[in-house]
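>>> Predicted model follows, preceded by the sequence.
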Amino acid sequence: MKKFLAVLGTGVGIGFVLGSKAGREPYERLEAKVREVSGRDDVRAAAESASNAVADLKDKAVSAGAEKIEEASATAGAAVGSGSDYQRSKSGR
């Protein structure tokens, strides 16, 4: 993890220095291009489609997780119940 952070910090530092030397003009050109592309209808439609797909996957994951939790709860409850039955039979109650 430390190596990753060192590499990340070095990359950020190099990017900062190079960006500072390049000045504001390249940043402004990039920003203008992003605004231009993000304003196009086909890009907006693709972004909306991707957003809907992610929302659907999230709903499926939550549902599947809830089912697994219910199954685990039932299994644990059965195991606890059979364990207590076993203890009662051993103690003669």
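Received it, and whenever you're ready, just let me know what you need.

>>> How about Arg44, nearest residue that isn't a chain neighbour?
Ser38 (7.5 Å; CB to CB, 6 or more residues apart in numbering). Any C-beta I mention is one placed from the backbone N, CA and C, and that applies to glycine too.

>>> you'd agree that neighbour is up against Ala46?
No. Using CB atoms under 8 Å, Ser38 makes no contact with Ala46, being 10.7 Å away.

>>> Please report the distance of the residue nearest to Arg44 from Glu31.
Distance, Ser38 to Glu31, by CB to CB, to the nearest Å: 11 Å.

>>> now Glu67: how far from Ala74?
Distance from Glu67 to Ala74, by CB to CB: 11 Å.

>>> Geometric centre of the chain: which residue is closest?
What sits nearest the mean C-alpha location of the chain, by CA atoms, centre = their mean, is Lys58, with 9.8 Å.

>>> Thanks a lot, see you next time.
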